[in-house]
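Visitor: Pasting the sequence and the predicted model now:
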Amino acid sequence: MSTTTEPTDRLFGALPYLLPIVYALPLGLPFLSKFPLLGIIYIPLQPLLAIYSFPFAGLIIFFILYSAVVRNTNISHFIRFNTLQAILIDIGLVLLGILIRLFGVGGGGILIETLSNVAFLGTLVACFYAMTQSVLGKYAELPTISQAAYSQLPY
């Protein structure tokens, strides 16, 4: 789906994808330890990382974004859609983190590290793709996630 969007809508449509990138960082620590040059992408995100260091910051940000942006019909559909899609990526990362902690209780091993790396890299690719599409004024079509966002967000 593509529509005409204002430049400010494009910017505000891209910003929510920073949250899943920050949330994926713990999953990417094994990968970043092997490829530290990729850690450069987290340098501009230091203020956001500092906010996430407070207890329950992620949960508070989730509720603020969901209630103040996603459910606010005064905000453009484009921004609300992208915010909801970023929230859904975050929820997927939270659930995956729970599973990894549940099954990785004895050190985890190569399977847990591989799963963490795939989730980290997949999140980076999905978020950078969605941010690029948003800046171009297009709706980012992410399989399953976009369908869920469309179903939860009426025009």
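Guide: Perfect, thanks for sending it. Since this is a predicted model, take the numbers as computed values, not measurements. Residues are numbered from 1 along each chain as shown.
Visitor: tell me the helices in this structure, going along the chain?
Guide: For the chain, the helices defined by DSSP state H occupy 7-14, 18-23, 25-34, 46-52, 57-65, 77-103, 110-135, 145-152.
Visitor: Of all those helices, which one is nearest Arg71?
Guide: Arg71 sits nearest to helix 77-103 of all the helices of the chain, at 8.1 Å, using CB to CB. (C-beta placed from N, C-alpha, C; glycine too.)
Visitor: now the angle between helix 145-152 and the closest one, please.
Guide: Between helix 77-103 and helix 145-152, the angle comes out at 120 degrees (axes from the mean of the first three to the mean of the last three CA atoms, to 10 degrees).
Visitor: What is helix 77-103 packed up against?
Guide: Judged by 3 or more CB pairs under 8 Å, 6 or more residues apart in numbering; DSSP states H and E, helix 77-103 is in contact with helix 7-14, helix 18-23, helix 25-34, helix 57-65, helix 110-135, helix 145-152.
Visitor: which of the residues in the last one are buried?
Guide: Okay, so that is helix 145-152. Within helix 145-152, the residues that qualify as buried by neighbour count (16 or more other CB atoms under 10 Å) are 145-146, 149-150.
Visitor: centre of the chain versus that helix, how much separation?
Guide: Offset of helix 145-152 from its chain centre (CA atoms, centre = their mean, to the nearest Å): 15 Å.
Visitor: Make 34 the starting number, not 1.
Guide: Got it, first residue is 34 now, which makes that one helix 178-185.
Visitor: tell me, how many neighbours does Ile122 end up with?
Guide: Applying other CB atoms under 10 Å, we find 25 other residues in the vicinity of Ile122.
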